[in-house]
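**Student:** Give me a model of this one.
(chains A, B, C and D)
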Protein chains: 2
Amino acid sequence: MYSLCDTIERYIMRLIENSPDQMVTIQRGKLASEFDCAPSQINYVLATRFSVFRGFIVESRRGGSGYVRIRKIPIDRIEPIVAYLEEYERQLKESDVEDLLSWLERENFITHREGQLMKAAMIKALEKVDDLGIPPGAERNQLRSRILKEMLLQILSWGK
Amino acid sequence: MYSLCDTIERYIMRLIENSPDQMVTIQRGKLASEFDCAPSQINYVLATRFSVFRGFIVESRRGGSGYVRIRKIPIDRIEPIVAYLEEYERQLKESDVEDLLSWLERENFITHREGQLMKAAMIKALEKVDDLGIPPGAERNQLRSRILKEMLLQILSWGK
DNA sequence: CCCCTTTTGACCATAACTGACATTTTTCAT
DNA sequence: ATGAAAAATGTCAGTTATGGTCAAAAGGGG
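**Tutor:** Numbering: from 1, shown residues only, chains lettered A, B, ... in the order given. Take a look at the predicted model:
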(Lines give C-alpha, C1' and ligand atoms only; values in the text may rest on other atoms or scores of the structure.)
Protein backbone atom coordinates (compact mmCIF):
# COMPACT_ATOMS: atom_id res chain seq x y z
CA MET A 1 0.00 0.00 0.00
CA TYR A 2 1.54 3.25 -1.12
CA SER A 3 0.85 6.51 0.59
CA LEU A 4 0.48 9.73 -1.39
CA CYS A 5 3.84 10.67 -0.02
CA ASP A 6 5.42 7.59 -1.58
CA THR A 7 3.72 8.21 -4.88
CA ILE A 8 5.01 11.74 -5.08
CA GLU A 9 8.46 10.57 -4.05
CA ARG A 10 8.56 8.01 -6.87
CA TYR A 11 7.25 10.58 -9.31
CA ILE A 12 10.00 13.06 -8.51
CA MET A 13 12.58 10.30 -8.42
CA ARG A 14 11.57 9.23 -11.91
CA LEU A 15 11.84 12.79 -13.17
CA ILE A 16 15.35 13.03 -11.81
CA GLU A 17 16.43 9.70 -13.23
CA ASN A 18 15.12 10.61 -16.65
CA SER A 19 16.93 13.93 -16.59
CA PRO A 20 20.38 14.22 -18.11
CA ASP A 21 21.85 16.17 -15.21
CA GLN A 22 20.32 14.52 -12.17
CA MET A 23 18.20 17.54 -11.53
CA VAL A 24 14.59 18.56 -11.89
CA THR A 25 12.78 21.87 -11.52
CA ILE A 26 9.14 21.86 -10.52
CA GLN A 27 6.48 24.22 -9.31
CA ARG A 28 5.10 23.39 -5.91
CA GLY A 29 1.60 24.57 -6.64
CA LYS A 30 1.36 22.74 -9.97
CA LEU A 31 2.59 19.49 -8.53
CA ALA A 32 0.19 19.80 -5.63
CA SER A 33 -2.77 20.22 -7.91
CA GLU A 34 -1.64 17.33 -10.11
CA PHE A 35 -1.73 15.12 -7.06
CA ASP A 36 -4.70 16.98 -5.67
CA CYS A 37 -3.18 17.65 -2.30
CA ALA A 38 -2.13 20.55 -0.10
CA PRO A 39 0.96 22.39 -1.36
CA SER A 40 2.66 21.84 1.94
CA GLN A 41 2.46 18.13 1.26
CA ILE A 42 5.15 18.70 -1.31
CA ASN A 43 7.33 20.27 1.33
CA TYR A 44 6.78 17.24 3.51
CA VAL A 45 7.91 14.91 0.75
CA LEU A 46 10.96 17.06 0.12
CA ALA A 47 11.85 17.21 3.79
CA THR A 48 11.47 13.52 4.43
CA ARG A 49 12.58 11.98 1.14
CA PHE A 50 14.90 14.48 -0.48
CA SER A 51 17.01 15.64 2.42
CA VAL A 52 20.77 16.04 2.26
CA PHE A 53 21.05 12.92 4.33
CA ARG A 54 19.46 11.03 1.50
CA GLY A 55 21.67 12.68 -1.04
CA PHE A 56 19.63 15.55 -2.38
CA ILE A 57 19.87 19.30 -2.38
CA VAL A 58 16.74 21.39 -2.74
CA GLU A 59 16.75 25.05 -3.76
CA SER A 60 13.74 27.23 -4.35
CA ARG A 61 12.52 30.70 -5.11
CA ARG A 62 9.26 32.31 -4.06
CA GLY A 63 7.14 34.88 -5.83
CA GLY A 64 6.16 35.15 -9.46
CA SER A 65 7.76 32.41 -11.61
CA GLY A 66 8.95 30.73 -8.45
CA TYR A 67 10.25 27.17 -8.54
CA VAL A 68 11.64 24.26 -6.56
CA ARG A 69 14.78 22.56 -7.86
CA ILE A 70 15.85 19.15 -6.63
CA ARG A 71 19.35 17.87 -7.34
CA LYS A 72 20.84 14.51 -6.65
CA ILE A 73 24.35 14.41 -5.26
CA PRO A 74 26.59 11.36 -5.25
CA ILE A 75 25.78 9.44 -2.11
CA ASP A 76 29.14 7.74 -1.67
CA ARG A 77 30.78 10.90 -0.42
CA ILE A 78 27.84 12.18 1.55
CA GLU A 79 28.06 9.72 4.40
CA PRO A 80 31.62 10.26 5.60
CA ILE A 81 31.35 14.00 5.39
CA VAL A 82 28.01 14.25 7.14
CA ALA A 83 29.40 11.97 9.82
CA TYR A 84 32.42 14.22 10.10
CA LEU A 85 30.26 17.28 10.52
CA GLU A 86 28.11 15.71 13.19
CA GLU A 87 31.10 14.58 15.14
CA TYR A 88 32.99 17.83 15.04
CA GLU A 89 30.14 20.31 15.12
CA ARG A 90 31.06 21.56 18.57
CA GLN A 91 34.82 21.53 18.46
CA LEU A 92 35.94 22.53 15.01
CA LYS A 93 39.19 24.37 15.57
CA GLU A 94 41.06 26.46 13.07
CA SER A 95 43.67 23.77 12.59
CA ASP A 96 40.94 21.24 11.84
CA VAL A 97 39.74 23.52 9.11
CA GLU A 98 43.18 23.78 7.61
CA ASP A 99 43.62 20.02 7.65
CA LEU A 100 40.29 19.42 6.01
CA LEU A 101 40.92 22.02 3.37
CA SER A 102 44.27 20.59 2.40
CA TRP A 103 42.69 17.17 2.16
CA LEU A 104 39.89 18.48 -0.06
CA GLU A 105 42.47 20.17 -2.23
CA ARG A 106 44.70 17.11 -2.46
CA GLU A 107 41.75 15.02 -3.47
CA ASN A 108 40.78 17.57 -6.10
CA PHE A 109 37.41 18.30 -4.62
CA ILE A 110 38.34 21.95 -4.61
CA THR A 111 40.90 24.15 -6.29
CA HIS A 112 43.60 26.04 -4.46
CA ARG A 113 41.71 29.27 -4.93
CA GLU A 114 38.53 27.78 -3.54
CA GLY A 115 40.48 26.61 -0.52
CA GLN A 116 41.83 30.09 0.02
CA LEU A 117 38.34 31.54 -0.15
CA MET A 118 37.04 29.05 2.37
CA LYS A 119 39.92 29.84 4.67
CA ALA A 120 39.18 33.54 4.43
CA ALA A 121 35.57 32.93 5.42
CA MET A 122 36.25 30.52 8.25
CA ILE A 123 39.48 31.80 9.74
CA LYS A 124 40.34 35.36 8.88
CA ALA A 125 36.80 36.64 8.99
CA LEU A 126 36.22 35.14 12.41
CA GLU A 127 39.40 36.45 13.96
CA LYS A 128 37.99 39.77 15.06
CA VAL A 129 34.32 39.45 15.72
CA ASP A 130 34.34 40.01 19.47
CA ASP A 131 32.66 43.35 18.90
CA LEU A 132 29.76 41.52 17.29
CA GLY A 133 29.21 39.56 20.47
CA ILE A 134 30.91 36.39 19.27
CA PRO A 135 33.70 35.64 21.73
CA PRO A 136 36.42 33.09 20.92
CA GLY A 137 35.78 29.54 21.99
CA ALA A 138 32.95 27.10 21.55
CA GLU A 139 30.50 29.56 20.07
CA ARG A 140 32.87 30.76 17.42
CA ASN A 141 33.82 27.20 16.57
CA GLN A 142 30.19 26.35 16.08
CA LEU A 143 29.72 29.26 13.76
CA ARG A 144 32.80 28.16 11.85
CA SER A 145 31.33 24.72 11.64
CA ARG A 146 28.05 25.98 10.22
CA ILE A 147 29.89 27.87 7.54
CA LEU A 148 32.00 24.85 6.71
CA LYS A 149 28.95 22.63 6.55
CA GLU A 150 27.17 24.77 4.01
CA MET A 151 30.25 25.11 1.87
CA LEU A 152 30.83 21.36 1.99
CA LEU A 153 27.28 20.66 0.94
CA GLN A 154 27.84 22.99 -1.96
CA ILE A 155 31.02 21.16 -2.92
CA LEU A 156 29.25 17.84 -2.72
CA SER A 157 26.71 18.95 -5.25
CA TRP A 158 29.46 19.54 -7.79
CA GLY A 159 30.77 16.04 -7.97
CA LYS A 160 34.48 15.41 -8.15
CA MET B 1 10.08 29.32 -17.45
CA TYR B 2 11.43 32.82 -17.89
CA SER B 3 9.55 35.71 -16.41
CA LEU B 4 9.01 38.90 -18.31
CA CYS B 5 11.52 40.45 -15.98
CA ASP B 6 14.17 37.92 -17.01
CA THR B 7 13.43 38.44 -20.67
CA ILE B 8 13.82 42.19 -20.44
CA GLU B 9 16.98 41.77 -18.42
CA ARG B 10 18.54 39.58 -21.07
CA TYR B 11 17.46 41.96 -23.79
CA ILE B 12 19.13 44.94 -22.15
CA MET B 13 22.17 42.88 -21.28
CA ARG B 14 22.57 41.90 -24.89
CA LEU B 15 22.33 45.51 -25.99
CA ILE B 16 25.11 46.41 -23.60
CA GLU B 17 27.32 43.51 -24.61
CA ASN B 18 26.94 44.45 -28.25
CA SER B 19 27.73 48.09 -27.63
CA PRO B 20 31.27 49.36 -28.06
CA ASP B 21 31.31 51.37 -24.85
CA GLN B 22 29.44 49.13 -22.42
CA MET B 23 26.50 51.44 -22.41
CA VAL B 24 23.03 51.61 -23.86
CA THR B 25 20.43 54.33 -24.04
CA ILE B 26 16.78 53.42 -24.26
CA GLN B 27 13.39 54.98 -23.90
CA ARG B 28 11.30 53.55 -21.14
CA GLY B 29 8.00 53.96 -22.91
CA LYS B 30 9.22 52.41 -26.16
CA LEU B 31 10.72 49.43 -24.44
CA ALA B 32 7.56 48.95 -22.43
CA SER B 33 5.40 48.85 -25.52
CA GLU B 34 7.79 46.47 -27.26
CA PHE B 35 7.35 44.07 -24.41
CA ASP B 36 3.73 45.04 -24.00
CA CYS B 37 3.97 45.81 -20.32
CA ALA B 38 3.57 48.69 -17.90
CA PRO B 39 6.34 51.28 -18.13
CA SER B 40 7.02 50.88 -14.45
CA GLN B 41 7.95 47.28 -15.20
CA ILE B 42 11.08 48.66 -16.80
CA ASN B 43 11.92 50.49 -13.60
CA TYR B 44 11.45 47.25 -11.74
CA VAL B 45 13.90 45.47 -14.00
CA LEU B 46 16.39 48.29 -13.64
CA ALA B 47 16.08 48.35 -9.88
CA THR B 48 16.40 44.61 -9.42
CA ARG B 49 18.79 43.64 -12.21
CA PHE B 50 20.86 46.70 -12.96
CA SER B 51 21.63 47.97 -9.50
CA VAL B 52 24.95 49.28 -8.30
CA PHE B 53 25.59 46.02 -6.51
CA ARG B 54 25.33 44.26 -9.81
CA GLY B 55 27.76 46.64 -11.37
CA PHE B 56 25.58 49.05 -13.27
CA ILE B 57 24.80 52.72 -13.14
CA VAL B 58 21.51 54.01 -14.46
CA GLU B 59 20.99 57.64 -15.38
CA SER B 60 17.92 59.14 -16.92
CA ARG B 61 16.21 62.30 -17.95
CA ARG B 62 12.52 63.08 -18.02
CA GLY B 63 10.52 65.21 -20.36
CA GLY B 64 10.59 65.48 -24.12
CA SER B 65 13.33 63.33 -25.65
CA GLY B 66 13.96 61.84 -22.28
CA TYR B 67 15.96 58.63 -21.95
CA VAL B 68 17.32 55.98 -19.67
CA ARG B 69 20.99 55.16 -19.94
CA ILE B 70 22.45 52.02 -18.47
CA ARG B 71 26.19 51.74 -18.04
CA LYS B 72 28.39 48.97 -16.84
CA ILE B 73 30.73 50.10 -14.11
CA PRO B 74 34.27 49.20 -15.05
CA ILE B 75 36.01 47.45 -12.20
CA ASP B 76 39.72 47.21 -12.26
CA ARG B 77 39.88 47.54 -8.54
CA ILE B 78 37.94 45.90 -5.78
CA GLU B 79 39.32 48.15 -3.08
CA PRO B 80 36.49 50.66 -3.32
CA ILE B 81 34.04 47.86 -2.66
CA VAL B 82 35.92 46.79 0.44
CA ALA B 83 35.91 50.37 1.61
CA TYR B 84 32.21 50.55 1.02
CA LEU B 85 31.67 47.41 3.05
CA GLU B 86 33.46 48.88 6.01
CA GLU B 87 31.26 51.91 5.95
CA TYR B 88 27.93 50.23 5.35
CA GLU B 89 28.49 47.00 7.24
CA ARG B 90 25.21 47.09 9.05
CA GLN B 91 23.08 47.39 5.98
CA LEU B 92 24.52 44.63 3.83
CA LYS B 93 21.49 42.52 3.01
CA GLU B 94 21.48 39.02 1.56
CA SER B 95 20.24 40.28 -1.76
CA ASP B 96 23.11 42.76 -1.90
CA VAL B 97 25.53 39.89 -1.52
CA GLU B 98 23.88 37.92 -4.28
CA ASP B 99 23.95 40.91 -6.56
CA LEU B 100 27.59 41.59 -5.87
CA LEU B 101 28.52 37.98 -6.53
CA SER B 102 26.74 37.99 -9.85
CA TRP B 103 28.79 41.02 -10.77
CA LEU B 104 32.12 39.52 -9.75
CA GLU B 105 31.23 36.42 -11.69
CA ARG B 106 30.24 38.31 -14.79
CA GLU B 107 33.50 40.18 -14.71
CA ASN B 108 35.48 36.98 -14.30
CA PHE B 109 36.93 37.87 -10.95
CA ILE B 110 35.52 34.63 -9.64
CA THR B 111 34.23 31.42 -11.15
CA HIS B 112 30.68 30.21 -10.78
CA ARG B 113 31.82 27.62 -8.26
CA GLU B 114 33.62 30.22 -6.20
CA GLY B 115 30.49 32.31 -6.22
CA GLN B 116 28.45 29.40 -4.98
CA LEU B 117 30.92 28.76 -2.19
CA MET B 118 30.79 32.39 -1.12
CA LYS B 119 27.03 32.30 -1.16
CA ALA B 120 26.97 29.21 1.00
CA ALA B 121 29.21 30.91 3.57
CA MET B 122 27.40 34.22 3.64
CA ILE B 123 23.78 33.27 3.13
CA LYS B 124 22.93 29.67 3.86
CA ALA B 125 25.28 29.37 6.80
CA LEU B 126 23.86 32.48 8.43
CA GLU B 127 20.22 31.59 7.97
CA LYS B 128 19.76 29.85 11.28
CA VAL B 129 22.29 31.05 13.78
CA ASP B 130 19.90 32.47 16.34
CA ASP B 131 20.92 29.69 18.68
CA LEU B 132 24.48 31.02 18.56
CA GLY B 133 23.26 34.36 19.79
CA ILE B 134 23.33 36.06 16.41
CA PRO B 135 19.85 37.44 15.78
CA PRO B 136 18.74 38.54 12.32
CA GLY B 137 19.26 42.20 11.51
CA ALA B 138 22.17 44.53 11.83
CA GLU B 139 24.42 42.18 13.76
CA ARG B 140 24.05 39.36 11.27
CA ASN B 141 24.58 41.76 8.41
CA GLN B 142 27.79 42.93 10.00
CA LEU B 143 29.04 39.39 10.33
CA ARG B 144 28.12 38.76 6.72
CA SER B 145 29.98 41.86 5.75
CA ARG B 146 33.14 40.78 7.59
CA ILE B 147 33.12 37.44 5.85
CA LEU B 148 32.63 39.08 2.49
CA LYS B 149 35.40 41.54 3.15
CA GLU B 150 37.94 38.85 3.90
CA MET B 151 36.98 36.86 0.85
CA LEU B 152 37.20 39.95 -1.32
CA LEU B 153 40.65 40.69 0.01
CA GLN B 154 41.64 37.17 -0.90
CA ILE B 155 40.29 37.66 -4.41
CA LEU B 156 42.10 40.94 -4.62
CA SER B 157 45.39 39.23 -3.95
CA TRP B 158 44.87 37.02 -6.98
CA GLY B 159 44.43 39.83 -9.45
CA LYS B 160 42.12 39.36 -12.38
C1' DC C 1 -5.21 1.83 22.19
C1' DC C 2 -0.78 4.23 21.20
C1' DC C 3 2.64 6.16 18.63
C1' DC C 4 4.67 7.48 14.45
C1' DT C 5 3.83 9.08 9.89
C1' DT C 6 1.07 11.51 6.81
C1' DT C 7 -1.94 15.16 5.48
C1' DT C 8 -4.03 19.49 5.83
C1' DG C 9 -4.92 24.50 6.58
C1' DA C 10 -4.03 28.89 8.40
C1' DC C 11 -0.70 32.28 8.30
C1' DC C 12 3.86 34.12 6.65
C1' DA C 13 7.59 35.76 3.19
C1' DT C 14 8.94 37.20 -1.22
C1' DA C 15 9.22 38.13 -6.36
C1' DA C 16 6.86 40.02 -10.24
C1' DC C 17 3.80 43.19 -12.07
C1' DT C 18 0.48 47.14 -12.56
C1' DG C 19 -1.73 51.67 -12.31
C1' DA C 20 -2.52 56.10 -10.48
C1' DC C 21 -0.27 60.04 -9.51
C1' DA C 22 4.00 63.03 -9.22
C1' DT C 23 7.87 65.35 -11.38
C1' DT C 24 10.79 67.19 -14.94
C1' DT C 25 11.72 68.95 -19.53
C1' DT C 26 10.52 70.39 -24.02
C1' DT C 27 7.43 72.44 -27.32
C1' DC C 28 4.54 75.68 -29.18
C1' DA C 29 0.73 79.00 -29.57
C1' DT C 30 0.09 83.67 -28.52
C1' DA D 1 8.74 85.98 -23.40
C1' DT D 2 5.48 82.97 -21.27
C1' DG D 3 2.66 79.68 -19.77
C1' DA D 4 -0.18 75.80 -20.85
C1' DA D 5 0.06 71.39 -23.07
C1' DA D 6 2.61 67.47 -24.26
C1' DA D 7 6.16 64.14 -23.56
C1' DA D 8 8.94 61.67 -20.87
C1' DT D 9 10.51 59.30 -16.54
C1' DG D 10 9.96 58.34 -11.24
C1' DT D 11 7.60 56.57 -7.11
C1' DC D 12 5.02 53.77 -4.39
C1' DA D 13 1.51 51.24 -2.68
C1' DG D 14 -1.35 47.55 -3.91
C1' DT D 15 -2.36 43.05 -6.43
C1' DT D 16 -1.12 38.58 -7.98
C1' DA D 17 1.60 34.53 -7.91
C1' DT D 18 4.63 31.71 -5.84
C1' DG D 19 6.87 28.97 -2.09
C1' DG D 20 7.74 28.18 3.45
C1' DT D 21 6.49 27.03 8.29
C1' DC D 22 4.26 25.04 11.92
C1' DA D 23 0.89 23.06 14.64
C1' DA D 24 -3.03 20.35 14.66
C1' DA D 25 -5.90 16.73 12.74
C1' DA D 26 -6.16 12.31 10.48
C1' DG D 27 -4.52 7.74 9.49
C1' DG D 28 -2.53 3.28 10.10
C1' DG D 29 0.36 -0.51 11.84
C1' DG D 30 1.66 -3.02 16.17
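**Student:** buried residues in the biggest helix by length in chain A?
**Tutor:** Counting by DSSP state H, the longest helix found in chain A is helix A:138-156. Using 16 or more other CB atoms under 10 Å in any protein chain shown as the test for burial, helix A:138-156 gives A:139-156. (Glycine included, C-beta is placed from N, CA and C.)
**Student:** restrict these to those near chain B?
**Tutor:** By CB under 8 Å from any CB of the partner chain, the members of the buried residues of helix A:138-156 lying near chain B are A:139, A:142-143, A:146-147, A:149-151, A:153-155.
**Student:** okay if I get these as JSON lines plus pLDDT?
**Tutor:** Below are these laid out as JSON lines (pLDDT from 0 to 100):
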{"residue": "A:Glu139", "pLDDT": "78"}
{"residue": "A:Gln142", "pLDDT": "82"}
{"residue": "A:Leu143", "pLDDT": "87"}
{"residue": "A:Arg146", "pLDDT": "84"}
{"residue": "A:Ile147", "pLDDT": "89"}
{"residue": "A:Lys149", "pLDDT": "83"}
{"residue": "A:Glu150", "pLDDT": "86"}
{"residue": "A:Met151", "pLDDT": "90"}
{"residue": "A:Leu153", "pLDDT": "81"}
{"residue": "A:Gln154", "pLDDT": "85"}
{"residue": "A:Ile155", "pLDDT": "84"}
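**Student:** As a markdown table, those with distance to B:Ser60 would be great.
**Tutor:** Output for those, formatted as a markdown table (distance: CB to CB, whole Å):
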| residue | distance to B:Ser60 |
| --- | --- |
| A:Glu139 | 48 |
| A:Gln142 | 48 |
| A:Leu143 | 43 |
| A:Arg146 | 43 |
| A:Ile147 | 41 |
| A:Lys149 | 45 |
| A:Glu150 | 39 |
| A:Met151 | 40 |
| A:Leu153 | 42 |
| A:Gln154 | 39 |
| A:Ile155 | 43 |
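**Student:** any idea whether whichever residue of chain A sits closest to DNA strand C is helix, strand or coil?
**Tutor:** Residue nearest to DNA strand C within chain A: A:Gly63 (1.9 Å; CB to the nearest atom of the strand). What DSSP: H, G, I helix; E, B strand; the rest coil gives for A:Gly63 is coil.
**Student:** do you know how far it is from DNA strand D?
**Tutor:** Distance, A:Gly63 to DNA strand D, by CB to the nearest atom of the strand, to the nearest Å: 4 Å.
**Student:** Quick one: neighbours of that residue, just the number.
**Tutor:** A:Gly63 has 6 neighbouring residues, counting by other CB atoms under 10 Å in any protein chain shown.
**Student:** Tell me the residues of chain A that contact chain B?
**Tutor:** A:64-65, A:111, A:113-114, A:116-122, A:124-125, A:128-129, A:132-134, A:139, A:142-143, A:146-147, A:149-151, A:153-155, A:158.
**Student:** which element follows the lowest-mean-pLDDT helix or strand in chain A toward the C-terminus?
**Tutor:** When the helices and strands of chain A are scored by mean pLDDT, DSSP states H and E, helix A:75-88 comes last with a mean of 60. Sequence order places helix A:94-106 as the next helix or strand after helix A:75-88, per DSSP states H and E.
**Student:** Now that next one: buried residues?
**Tutor:** A:96-97, A:100-101, A:104-105.
**Student:** So which elements touch it?
**Tutor:** Under the contact criterion of 3 or more CB pairs under 8 Å, 6 or more residues apart in numbering or on different chains; DSSP states H and E, helix A:94-106 touches helix A:112-122, helix A:138-156.
**Student:** how long is stretch A:34-52 from one end to the other?
**Tutor:** End-to-end distance of stretch A:34-52: 26 Å, with CA to CA, to the nearest Å as the criterion.
**Student:** Please apply the same query to stretch A:126-136.
**Tutor:** 9 Å.
**Student:** list the buried ones in it?
**Tutor:** Across stretch A:126-136, burial judged by 16+ other CB under 10 Å covers A:126, A:129, A:132, A:134.
**Student:** Stretch A:66-75 now?
**Tutor:** Buried-residue list, stretch A:66-75, by 16+ other CB under 10 Å: A:68, A:70-73.
**Student:** can you list the domains in chain A?
**Tutor:** Domain assignment for chain A by automatic domain parsing gives A:4-72, A:75-156.
**Student:** Pull up the per-residue confidence for the nearest residue to A:Leu156 once chain neighbours are set aside.
**Tutor:** Nearest non-adjacent residue to A:Leu156, counting by CB to CB, 6 or more residues apart in numbering or on different chains: A:Ile73, 4.9 Å away. A:Ile73 carries a pLDDT value of 82.
**Student:** Many thanks, have a good one.
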